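Colleague: Kindly generate the corresponding structure for this input.
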Amino acid sequence: MNFDSEQIIELLKSDNLHFRKIAFKTIVDEFEIFSKQFFDIISEGIDCDDLINYACQRFPSLNSGFDEATVFVPSKTYLYFAEYANEHKLFLKELQKYFHAETCPEKREKLIVALSKCFEGLKSDLFKTYPQYKNSGNTENETDRQLMLFITGKCNLSCPYCFSNELQPQEMSLPDFAEILQWAHKNKVKRISLCGGEPTSHSRFDEILLMMKEQAYKTYFASNFTLNCKALKNFTADVIDKIYVHLTDQALENQYLMRQIIENVEYAEKAGIELMFRTNIADGNPKIKEWFRIIQATQITALNIALTFPTPSENNQFVDADSFEQYAFTIEEIIKKSNELKYGLSFAKPIPLCIFDKQTSRFLLANKKFHPLCGINYHNCTHNVCINHKKEFHACLGVRSSSFKFHKDIDWQEIETYCKNTIQALLALPLFTRCNNCFLFDRKLCQGACLSYKSVL
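Modeller: Residues are numbered from 1 along each chain as shown. Next comes the predicted model:
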């Protein structure tokens, strides 16, 4: 059905949410006709979440890229995802037309500030074109520092694809943990993730949880959940807010281990701890049916998946970057099944969108849970910074090519410098030749894959 401007205005005035959604979708679908209405709504700051979501689906480049996104070059020719470049060019053209027609400086400023808040991916273009508004309003998101601590290299399982299979079966001592915890508090670290090996296999894991609780820290961690957690007195929601429960092949093939997982899941749910299943794709025959059978047997409705990535020495079972395309159908099958069951699905590691067909890639790019980026660029590239059980800093658990020793007097700014120098060089490195001619890579909307692949190039 075709609408004119007056009809769109009437639909927007309606108290009927369905009619408003129709108007929002029409405005985005026919953006060249209704761009004025679009910018009017955004600048007025009214409730328009649906309009913003529709816009991010039609114009994926409005989504957030890396913190230091590049400015769009309209004259550049792209061989991959060129249609996104053309759509972005259209958006900027209509914005410029609207901006030039608006003579009131206050309204111009209001629009630029509103756009920068609604669409993170526009900031670089906006503030290069209109630098006078760069400091207008609070457009920067406050982010909390977090730290990942490898408290043990031990694990009761031996999954061939595990990124930690190179770790020595050593534990972080409680005095070392206490020292790091004190340092983290001093440097305003807000969140700590416990890593391994298997974190719950630490011989004094309950004491670690108590120490965190006493410092008012909350944690999240990944676990194979095959060790009995009922004996842990501090296994409570006031210190653990989320656990990623790994469905390992070893557990799926062992009835005893599966019973232990189900018992731990029930125990954690009673404690009020949020749970999410995590599965790894390491070969061409993942146990998808078994995954969903177990998921359906619990109350958990979220699934996190990953293509397994290489360790620094590449001695684990991982998916080779040149083989990604072979897994596109498998991933699409998981997406379809998750949608049917209404499960929340997310990717643990970035996956290049060029392995999918156009429809799937657009769906994934528009959905923030499937964004082909990891969070490594957050917090000045310190989002994934970790300390191993030998008290060495790494920029990320997947990037262990360099490190430096922890000491109690080190300043967080030193961590930022180290992480930025390590991470930004890898982010800028194209994983595939085609990345050089890809709009998404150029706009920093895709990093190709987990940086572990780039760190072993």
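
Colleague: what bits of the stretch 201-350 of the chain have low per-residue confidence?
Modeller: Along the stretch 201-350 of the chain, the model assigns pLDDT under 70 to no residue.

Colleague: just the helices in the stretch 101-250 of the chain please.
Modeller: 105-118, 123-129, 174-186, 205-214, 249-252 (DSSP state H, counting those that start in this stretch).

Colleague: I'd like the ones you listed laid out as JSON lines, including mean neighbour count and distance to Ile9.
Modeller: Using the backbone N, CA and C atoms, a C-beta is placed for each residue, glycine as well. As requested, the helices of the stretch 101-250 of the chain are arranged in JSON lines below (neighbours: other C-beta atoms under 10 Å; distance: least, C-beta to C-beta, whole Å):
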{"stretch": "helix 105-118", "mean neighbour count": "18", "distance to Ile9": "18"}
{"stretch": "helix 123-129", "mean neighbour count": "18", "distance to Ile9": "27"}
{"stretch": "helix 174-186", "mean neighbour count": "16", "distance to Ile9": "54"}
{"stretch": "helix 205-214", "mean neighbour count": "18", "distance to Ile9": "55"}
{"stretch": "helix 249-252", "mean neighbour count": "18", "distance to Ile9": "56"}
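
Colleague: among these, which gets the worst mean confidence?
Modeller: Lowest mean pLDDT within these: helix 123-129, at a mean of 85.

Colleague: Contacts for that one, please.
Modeller: Contacts to helix 123-129, defined as C-beta atoms under 8 Å, 6 or more residues apart in numbering, come from residues 69-72, 92, 96, 112, 115-116, 133-134, 139.

Colleague: Most neighbours among the residues you listed, which one is it?
Modeller: Sorting these by how many neighbours each has (other C-beta atoms under 10 Å) puts Ile112 first, at 25 neighbours.

Colleague: Quick check: chain neighbours aside, which residue is closest to it?
Modeller: Tyr133 (4.3 Å; C-beta to C-beta, 6 or more residues apart in numbering).

Colleague: what residues are up against that neighbour?
Modeller: Applying C-beta under 8 Å, 6+ apart, the residues contacting Tyr133 are 108-109, 112-113, 126-127.

Colleague: Touching, Ile288 and Glu332? I think so.
Modeller: No: counting by C-beta atoms under 8 Å, Ile288 does not reach Glu332; the two are 11.4 Å apart.

Colleague: Where do the strands of the stretch 51-200 of the chain begin and end?
Modeller: Assigned strands in the stretch 51-200 of the chain, in chain order: 145-150, 189-195 (criterion: DSSP state E, counting those that start in this stretch).

Colleague: wait, Leu147 sits on Ala184?
Modeller: Yes: contact criterion C-beta under 8 Å: Leu147 and Ala184 qualify, at 5.5 Å.

Colleague: Nearest spatial neighbour of Ala237, chain-adjacent residues omitted?
Modeller: Gly272 (3.8 Å).

Colleague: burial measure for that neighbour, as a count.
Modeller: 11.

Colleague: now do Lys405
Modeller: Around Lys405 there are 10 residues (other C-beta under 10 Å).

Colleague: For Phe32, pull up the helix or strand it's in.
Modeller: In this structure residue 32 is Glu, not Phe. helix 31-44 (DSSP states H and E).

Colleague: now for that helix, which elements pack on it?
Modeller: Here helix 31-44 touches helix 5-13, helix 17-29, helix 49-58, helix 82-101, helix 105-118, going by 3 or more C-beta pairs under 8 Å, 6 or more residues apart in numbering; DSSP states H and E.

Colleague: Would you mark the buried spots in the fourth one?
Modeller: Going back to what we said before, that points to helix 82-101. 84-85, 87-88, 91-92, 94-95, 98 (16 or more other C-beta atoms under 10 Å).

Colleague: Please apply the same query to the second one.
Modeller: Judged by neighbour count (16+ other C-beta under 10 Å), helix 17-29 contains these buried residues: 20, 22-28.
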